[in-house]
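In: Okay, here's the prediction I keep looking at, along with the sequence it came from:
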Amino acid sequence: MNVKKKTKQCYDEDDRADGRFRDRLQVDIQTVSLIITDIRITHSGLYVITVSSQRRPLKIFNITVCVFATESVSVTEGDSVSLSVSLTLEQRGNKIMWRFGPTEVIIAEMNVKNNTKQCYDDRADGRFRDRLKLDVQSVSLIITDIRITHSGLYNITISRQEMPLKRFNITVYPRLPVPVISRVSSQCSSSSCCCVLCSVMNVSHVSVSWYKGKSFLSSISVSEHRDIISISLHLECLDDSYTCVLNNSITNQTQHLNTDVCHKCSAPSAEFYCCCGFTEVVIRLVVSALVGVAAVAVLVYDIRSRRDEQKKRSDTQLNDK
């Protein structure tokens with residue numbers, strides 16, 4: 001660039017530096033700055049700023065682009081979680097620190113070489129009080145009896161190094177209640193049917209589903225907190241194993257529908273007595289009546305046919321005499 005003439009040029013469109021800067025360079029004349037956007041590991045290296053009238057550099061930048069993964073950990077409230085890291089021999093001589101939250105407050109530290117450790121469980125609003133343990137052998141911080149307030153970002157750093165050695169993003173889910181199954185007679189059109197409701201209270205980010213054996217029947221999901229959610233099931237009778245399943249991303253709770261709530265199906269001949277609709281009852285009664293009438297008609301026809309045949313035989317015998 002030329003600040004006086006207010007001219008500038010980026011050479012990111014050609015194959016300079018193997019084209020690694022293509023569409024990533026911007027120049028700001030006001031601040032006399034070169035901006036590298038969307039930087040990558042391949043952009044690590046030495047950057048020198050010079051002027052045409054001077055051989056010596058004005059400034060030298062040594063840029064190191066680091067990439068470190070964030071390990072996602074999901075855990076149920078009340079369980080324990082271990083945050084550990086692998087160290088080189090050189091790193092073991094440094095102080096290792098565990099930091100929590102956006103302010104990166106130090107909640108624990110240790111020195112493996114000196115076999116020293118310290119937990120600061122009164123920090124971060126005291127939410128970690130009596131819950132932190134350090135294991136020098138495994139270089140681990142253990143959070144016991146974890147709670148939802150412990151969800152968040154954890155960094156493991158060492159002294160003399162700004163970049164974290166490792167990051168953990170912990171999500172703590174509430175412990176799931178056991179679903180409750182109850183019969184709801186008001187939803188059935190007949191007292192002989194079985195209409196049930198599976199309900200859970202005080203949940204969020206869960207799904208409630210009905211299964212017949214291993215076959216999925218229906219489901220309802222919620223993301224925000226609900227005081228109560230319910231899902232219904234309408235049956236004629238228990239002809240299989242029915243279960244209500246409450247689940248989130250890491251665990252589930254199951255409740256089975258038993259004969260205390262719904263009666264078991266009888267033999268096929270008794271199926272007529274187990275129905276939930278008035279129309280079906282009428283249809284079955286009409287069909288049964290028609291079958292009965294037809295049977296009576298056949299019987300009357302058979303009796304009359306036999307009488308006629310017997311009369312013919314008697315008349316024939318009289319004529320022969």
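Out: Looks like it came in fine.
In: ok, the closest residue to Thr42 other than its chain neighbours - contacts?
Out: Closest residue in space to Thr42, ignoring its immediate chain neighbours: Arg20 at 4.9 Å, by Cβ to Cβ, 6 or more residues apart in numbering. The C-beta positions use only the backbone N, C-alpha and C, and glycine is treated the same way. Arg20 makes contact with Arg40, Thr42, His43 under the criterion Cβ atoms under 8 Å, 6 or more residues apart in numbering.
In: State the pLDDT value of Leu235.
Out: Looking at Leu235, its pLDDT stands at 85.
In: Neighbours of the residue nearest to it when sequence neighbours are not counted, how many?
Out: Of all residues not flanking Leu235 in the chain, Cys194 sits nearest, at 4.4 Å (Cβ to Cβ, 6+ apart). A count of neighbours around Cys194, defined by other Cβ atoms under 10 Å, yields 21.
In: next one: Asp145
Out: Neighbours around Asp145, by other Cβ under 10 Å: 11.
In: okay, now the domains of the protein?
Out: 16-63, 70-173, 180-270, 279-314 (automatic domain parsing).
In: which parts of the helix or strand hosting Val200 are buried?
Out: Assigned by DSSP states H and E, Val200 belongs to strand 194-203. Buried residues in strand 194-203, defined by neighbour count with 16 or more other Cβ atoms under 10 Å: Cys194, Cys195, Val196, Leu197, Cys198, Ser199, Val200, Val203.
In: From Asp145, how far off is the third one?
Out: Think Val196. The gap separating Val196 from Asp145 is 36 Å, by Cβ to Cβ, to the nearest Å.
In: Pull up the gap between Lys113 and Tyr211, please.
Out: With Cβ to Cβ as the criterion, Lys113 and Tyr211 are 55 Å apart.
In: In terms of packing, which of those two has more residues around it?
Out: Neighbour count, other Cβ under 10 Å: between Lys113 and Tyr211, Tyr211 has more, with 18 against 14.
In: Count the neighbours of the closest residue to Pro102 other than its chain neighbours for me.
Out: Spatial nearest neighbour of Pro102, excluding adjacent residues (Cβ to Cβ, 6+ apart): Leu153 at 7.3 Å. Using other Cβ under 10 Å, Leu153 has 15 neighbouring residues.
In: For Leu153, name its beta-bridge partners.
Out: Under the criterion DSSP bridges, Leu153 forms beta bridges with Asn169.
In: can you pull the contacts of it?
Out: Leu153 makes contact with Thr70, Phe100, Gly101, Pro102, Arg167, Phe168, Asn169, Ile170 under the criterion Cβ under 8 Å, 6+ apart.
In: And the buried ones among these, selectable in ChimeraX?
Out: Here is the ChimeraX command that selects the buried residues among those (16+ other Cβ under 10 Å):
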select :100,167,168,170
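In: Could you pull out the helices in this protein for me?
Out: 278-320 (DSSP state H).
In: And the residue nearest to Lys133 when sequence neighbours are not counted, how far from Asp227?
Out: With sequence-adjacent residues excluded and distances taken as Cβ to Cβ, 6+ apart, Lys133 is closest to Ile142, at 4.3 Å. For Ile142, the distance to Asp227 equals 34 Å [Cβ to Cβ].
In: higher neighbour count, the two?
Out: Shown here are Ile142 and Asp227; by other Cβ under 10 Å, Ile142 has more neighbours (17 against 7).
In: who's in contact with that one?
Out: Ser80, Val81, Ser82, Leu83, Leu132, Lys133, Leu134, Asp135.
In: partner residues bridging it?
Out: In beta-bridge terms (that is, DSSP bridges), Ile142 pairs with Ser82, Lys133.
In: per-residue confidence for it?
Out: 95.
In: quick revisit: output the contacts of Leu153 as JSON lines; include the columns distance to Ile220.
Out: Formatted as JSON lines, the contacts of Leu153 follow (distance: Cβ to Cβ, whole Å):
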{"residue": "Thr70", "distance to Ile220": "32"}
{"residue": "Phe100", "distance to Ile220": "35"}
{"residue": "Gly101", "distance to Ile220": "34"}
{"residue": "Pro102", "distance to Ile220": "35"}
{"residue": "Arg167", "distance to Ile220": "35"}
{"residue": "Phe168", "distance to Ile220": "32"}
{"residue": "Asn169", "distance to Ile220": "28"}
{"residue": "Ile170", "distance to Ile220": "28"}
